[in-house]
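A.B. asks: Give me a model of this one.
(one chain, ligands or ions: 2)
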Amino acid sequence: MKIVVDENIPFAQQILSQHGEVVAVDGRTMQPQQLVDVDALLVRSVTKVNQQLLAQANKLKFVGTATIGTEHVEQNYLAERGIAFASAPGCNAIAVGEYVATALLAATEYRYQSLVGKTIAIVGAGNTGSQVAKRAAALGMQVMLYDPPAAEQGTLANSVSFEQVLDADVISLHVPSTKNGKHPTYHLFNQQVLSKLTPEQILVNACRGEVIDNQALLEFAAQGKSPLLVLDVWEGEPTILEPLVKYAFIATPHIAGYSLEGKMRGTSMVYQAMCQALKIEANDLSEQLLPVPEFSQITLKGELTDSQLTKLTQLVYNIFADDRRFRQHGASPSGFDKLRKFYPQRREFSALQVVNQHKQANLGALGFNIQENK
Ligand SMILES: NC(=O)c1ccc[n+]([C@@H]2O[C@H](COP(=O)([O-])OP(=O)(O)OC[C@H]3O[C@@H](n4cnc5c(N)ncnc54)[C@H](O)[C@@H]3O)[C@@H](O)[C@H]2O)c1
Ligand SMILES: O=C(O)[C@H](O)[C@H](O)COP(=O)(O)O
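C.D. replies: Ligands and ions are numbered 1, 2, ... in the order given. Purely as a prediction, here's the structure:
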């Protein structure tokens, strides 16, 4: 069996080589001739899987994307060809929740404010939005969910109105990128919507760049009229609107979901799906391949202040290091992809065991591994 994988799928080589020849290729520049006689293809979000790419894929039986987003894959075309498809829903949702929580704590410290009692509107209450909601609630915020599709399907009891979203202290975006259907998200935050926001608010985009009209946002930001911006995703990646970067409080190259655990779950999920589709027995080594974290335990002697909590999150995930690297090296197309390719190992909060003498319920809800000190 021959399997082609994006070279940026961690652990793929070790896990898949049990089943045949594994060829790792650059996902951004993958070519049709690389798929001749290939049985399975595993990609990430940067590979457009369409008729053109699969023109010479004479033996292909399975395509998997080790990501949450699926807009880069023409699923109808795969179905027409009888090629099985799987994605990895929710694989890196915890990492996105931790990214947003870390960013919000940093932002409010910068403004000498507290998050307690502030409102947050979460646009898109799916896997990533729910993880953000859980952490925002743990930080004492009042959470509002806006998700008309889920409300219509009856899976969300209370979806607030879009007007309520625009009034929130924090607006955090967690929708897929869609141009069609009843609730398209392309430029959901367009010039008109952005004009209603104020510099006192915080706007987070960790879903897809094109959900915000980046040119319009730049114009408001340049006039000092935009909210405080936390931007992980950008329109046109990797060719982004570079002047926007300097106006963001936090700017990162689409790495909100890039925890090692999140990537490992993505690999594991598509591996399992591939084995099922190709009717082979799975031997998932991913958990075993996860390295021991550099840090392991911290003992807290007293109640944490807001500032100490901010530091604790940054101890595990140094969001400012990501931001710094991006501003220094990442805004050009090659820089953007390079930072993502050579992203340092980032662990989830659960990798840190917190020995806690004072009960702080919110640390557990934030994702830390709590050990009560009796
Ligand atoms: N920055 C990153 O590293 C990163 C990581 C993971 C996911 N993502 C992106 O975030 C998106 C969301 O991920 P998820 O796991 O939460 O997906 P999900 O499918 O679990 O949830 C998306 C939610 O958005 C809702 N939705 C769709 N259109 C909407 C609209 N117009 N208004 C409000 N809600 C709407 C859906 O009903 C659904 O509940 C993904 O599609 C992916 O593109 C980015
Ligand atoms: O959709 C997802 O899962 C995320 O956006 C993910 O972080 C994308 O990562 P990429 O495939 O671009 O490396």
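A.B. asks: and stretch 7-15, C-alpha only, in PDB?
C.D. replies: C-alpha atoms of stretch 7-15 as PDB (Å, rounded to 0.1, in the frame of the first residue of the first chain):
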ATOM      1  CA  GLU A   7       4.900  16.400   5.800                       C
ATOM      2  CA  ASN A   8       3.400  18.600   8.500                       C
ATOM      3  CA  ILE A   9       1.300  15.800   9.900                       C
ATOM      4  CA  PRO A  10       3.100  14.800  13.100                       C
ATOM      5  CA  PHE A  11       3.600  11.100  13.900                       C
ATOM      6  CA  ALA A  12       2.200  10.100  10.500                       C
ATOM      7  CA  GLN A  13       5.400   8.400   9.300                       C
ATOM      8  CA  GLN A  14       5.700   6.300  12.500                       C
ATOM      9  CA  ILE A  15       2.100   5.200  12.500                       C
END
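A.B. asks: so where is the chain shaky, pLDDT-wise?
C.D. replies: Judged by pLDDT under 70, the chain has its weakly predicted residues at 357-361, 373-374.
A.B. asks: Nearest residue to the spatially most central residue of the chain in space, please, no chain neighbours.
C.D. replies: By C-alpha atoms, centre = their mean, the chain has its centre lying nearest to Gly257, at 3.2 Å. Among residues not flanking Gly257 along the chain, Asn92 sits closest, at 3.2 Å (C-beta to C-beta, 6 or more residues apart in numbering). Yep, even glycine has a C-beta here, placed from its N, CA and C like the rest.
A.B. asks: Touching, that neighbour and Gly266? I think so.
C.D. replies: Yes: here Asn92 reaches Gly266: they are 6.5 Å apart, a contact under C-beta atoms under 8 Å.
A.B. asks: neighbours around Gly129, how many?
C.D. replies: The number of residues packed near Gly129 is 26, by other C-beta atoms under 10 Å.
A.B. asks: Determine the set of other helices and strands touching the helix or strand that it is a member of.
C.D. replies: Gly129 is located in helix 127-138, with elements delineated by DSSP states H and E. Packing partners of helix 127-138 (3 or more C-beta pairs under 8 Å, 6 or more residues apart in numbering; DSSP states H and E): helix 93-110, strand 119-123, strand 142-146, strand 170-173, helix 361-366.
A.B. asks: Single out the most deeply packed of these.
C.D. replies: Highest mean neighbour count of those: strand 170-173, a mean of 26 (counted as mean count of other C-beta atoms under 10 Å).
A.B. asks: and it, does that touch ligand 2?
C.D. replies: No: on the criterion C-beta under 6 Å from any ligand atom, strand 170-173 is out of touch with ligand 2, staying 12.5 Å away.
A.B. asks: count of neighbours near the residue in the chain that ligand 1 sits nearest to?
C.D. replies: Nearest to ligand 1 in the chain, going by C-beta to the nearest ligand atom, is Gly126, at a distance of 1.7 Å. Number of residues near Gly126 (other C-beta under 10 Å) recorded here: 21.
A.B. asks: pretty sure it contacts Leu145?
C.D. replies: No: if you go by C-beta under 8 Å, Gly126 and Leu145 don't touch, sitting 10.2 Å apart.
A.B. asks: Can you name the residues that contact the residue nearest to Gly257?
C.D. replies: Contact analysis of Asn92 by C-beta atoms under 8 Å, 6 or more residues apart in numbering lists Thr67, Ile68, Thr128, Ala256, Gly257, Tyr258, Ser259, Gly262, Lys263, Arg265, Gly266.
A.B. asks: can you do 10 Å?
C.D. replies: Contacts for Asn92 were tallied using C-beta atoms under 10 Å, 6 or more residues apart in numbering; they are 66-68, 98-99, 127-128, 131, 255-259, 261-266, 348.
A.B. asks: next one: Ala103
C.D. replies: Going by C-beta under 10 Å, 6+ apart, Ala103 touches 170, 172, 202, 204, 206, 228, 230-232, 249-250, 252, 256, 313, 317, 319-320, 323.
A.B. asks: Lys246 now?
C.D. replies: Neighbouring residues of Lys246 by C-beta under 10 Å, 6+ apart: Leu218, Ala221, Ala222, Arg327, Ala331.
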